[in-house]
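1. Here you go, sequence then predicted model.
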Amino acid sequence: MAGNALIFILLSGLGSLPSCFPRQYHLVEKSVNWTEAQSYCRQHYTDLATVTSEEDVTKLNDALGSFRGGHVWIGLYGDIHSWRWSLQNKSYYGEGEAEFRMWYSGEPSTYYIDEYCVPMNTGGTWWDYYCSSSLPFVCYNDRTKGSSRWILVNERKTWSDAQSYCRQRYTDLASIRNLAENEEIRGLINDTSWIGLFRDAWKWSDGSTMSFSKWADNHPSEGDKHCVASHLGKWLDYSCSNRFYFVCYRDVVNMQVVKVRLQSASSADLEAKKDELLQQLRQRLKDQGVSDDVQLRWVTQPDGRVFHKEGKEEEKDEESCGP
């Protein structure tokens, strides 16, 4: 019982550690293209600027100083090579099968905005298309074998609605792993129809997903513009070959020292259990959703120990020490 109470006090004392760290933005006054800016930031800082809130927008603008009215690269970009299947089960795909493609000549075009989803035409080839368009679609059912595992749905839906329909009634939108499966589905459809291939619209250089946006009016726009610059706090898409100043970020590591008081028969018992206690503390924080970025360690005193008795008990120990 004493051991359980001891651990509870320890966990309660450190349970308020922050789950995330703030970013520190740095303006780099070099005119470079987006890829060069990304490389520089990764070499000298953490990465090109990631912006996830209005607070970040304000902090980034403050970092620009006298250059506040200029255009600066940030880390947002359109990943035109991130095509993947709606069905994410890795065991479904053999070696190289998740990368099978049957693009129509000149596709994917990546020219028009919002072309992040893929249909198959009646000739069996694919192209990138507006996800908001309503088309028939093909579902996959893992409970059946052979060509019957493909289900053509002749209702017109957007790609997202088609995905939801297939997941609710079958397994998912159709993934095509090879030419034979492509031919099976080509023989099934009689109109251009959605399959399960899609790509991310915009993502951050550090791998973060885009959950906040600050687009300027009429942006993102059409054309070969897959990299993003900030101007007066608003975002504009440009060709990645444009040359601008840029903003990097560095994670600010905060160190917080928390003193805890524990009830135990002796500090020697605690010293013996300190590794076990620290591991339990890490697990408790993880269970509470605290980021893995938070690192914990004991603070070792000059005498090499972590735990010490306090006040009168400490004084009594010192008085009782004899030759």
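-> All right, it came through fine. Numbers count the residues shown, from 1 in each chain.
2. For Ala37, give its distance to Ser164.
-> Ala37 is 38 Å from Ser164, where distance means Cβ to Cβ, to the nearest Å. All C-beta spots, glycine's among them, are computed from the backbone N, C-alpha and C.
3. Name the nearest residue to the most centrally placed residue in the chain, sequence neighbours excluded.
-> Centroid-nearest residue in the chain: Ser208, 3.4 Å away (criterion: Cα atoms, centre = their mean). Once flanking residues are discounted, Ser208 sits nearest to Thr50: 5.4 Å by Cβ to Cβ, 6 or more residues apart in numbering.
4. Compute the first-to-last residue distance for stretch 231-247.
-> End-to-end distance of stretch 231-247 (Cα to Cα, to the nearest Å): 12 Å.
5. Direction included, what does the top strand by length along the chain pair against?
-> Longest strand of the chain, by residue count under DSSP state E: strand 23-32. Strand pairing for strand 23-32, using DSSP bridges, gives strand 244-251 (antiparallel).
6. contacting residues around the partner strand?
-> 21, 23-32, 34, 37, 40-41, 44-50, 60, 63-64, 67, 70-75, 229-230, 238, 293 (Cβ atoms under 8 Å, 6 or more residues apart in numbering).
7. helix, strand or coil for Trp298?
-> Trp298 carries the three-state label coil when classified by DSSP: H, G, I helix; E, B strand; the rest coil.
8. Let's see the pLDDT reported for it.
-> pLDDT for Trp298: 75.
9. Next: Ser221.
-> 81.
10. quick one on the thing from earlier: tell me which residues touch the residue nearest to Ser208, please.
-> Contacts here follow Cβ under 8 Å, 6+ apart; on that basis Thr50 touches Arg23, Asp56, Ile74, Gly75, Trp204, Ser205, Asp206, Ser208, Tyr249.
11. Farthest-apart pair in those residues, please.
-> Asp56 and Ser205 (14.5 Å; Cβ to Cβ).
12. Looking at the two, which has the bigger crowd around it?
-> Ranked by neighbour count (other Cβ atoms under 10 Å), Asp56 and Ser205 place Ser205 first, with 24 against 19.
13. and the nearest residue to that one once chain neighbours are set aside, what element?
-> Once flanking residues are discounted, Ser205 sits nearest to Gly75: 3.6 Å by Cβ to Cβ, 6+ apart. Assigned by DSSP states H and E, Gly75 belongs to strand 71-77.
14. Let me know the secondary structure of Ser230.
-> The three-state assignment at Ser230 reads strand, by three-state DSSP.
15. on that earlier part again, the residue nearest to the centre of the chain and Val51 touch, don't they?
-> No. Contact between Ser208 and Val51 fails when scored by Cβ atoms under 8 Å: they sit 9.8 Å apart.
16. Now do the residue nearest to Ser205, the pLDDT please.
-> With respect to pLDDT, Gly75 scores 97.
17. what about it, how many residues close to it?
-> The tally of other residues near Gly75 (other Cβ under 10 Å) stands at 26.
18. In this model Leu48 seems to touch it, though I could be wrong.
-> Yes. If you go by Cβ under 8 Å, Gly75 and Leu48 touch, sitting 3.4 Å apart.
19. okay, and the common contacts of the two?
-> Residues touching both Gly75 and Leu48 (Cβ under 8 Å, 6+ apart): Gln38, Cys41, Trp204, Ser205, Asp206, Tyr249.
20. The second one is in what secondary structure piece?
-> Right, Cys41. Using DSSP H and E, Cys41 maps to helix 34-44.
21. can you give me the angle that helix makes with strand 71-77?
-> 80 degrees (axes from the mean of the first three to the mean of the last three Cα atoms, to 10 degrees).
22. So what's the gap between helix 34-44 and the chain middle?
-> Offset of helix 34-44 from its chain centre (Cα atoms, centre = their mean, to the nearest Å): 19 Å.
23. buried set for that helix?
-> By neighbour count on 16 or more other Cβ atoms under 10 Å, the buried set for helix 34-44 is Trp34, Ala37, Gln38, Tyr40, Cys41.
24. what's the burial count for Trp127?
-> By the measure other Cβ under 10 Å, the count of residues near Trp127 is 18.
25. returning to what we had before: contacts for the longest strand of the chain?
-> Under Cβ under 8 Å, 6+ apart, the answer for strand 23-32 is 37, 40-41, 45, 49-50, 56, 59-60, 62-65, 67, 72-73, 243-252.
26. pLDDT wise, what is Met1 at?
-> Reported pLDDT for Met1: 38.
27. now swap in the one 3 residues further on and tell me
-> For Asn4, the pLDDT comes out at 38.
28. do the one 3 residues further on as well
-> Residue-level confidence at Ile7 comes out at 38, pLDDT.
29. report the longest helix in this protein, please.
-> Using DSSP state H to define each element, the chain has its longest helix at helix 267-287.
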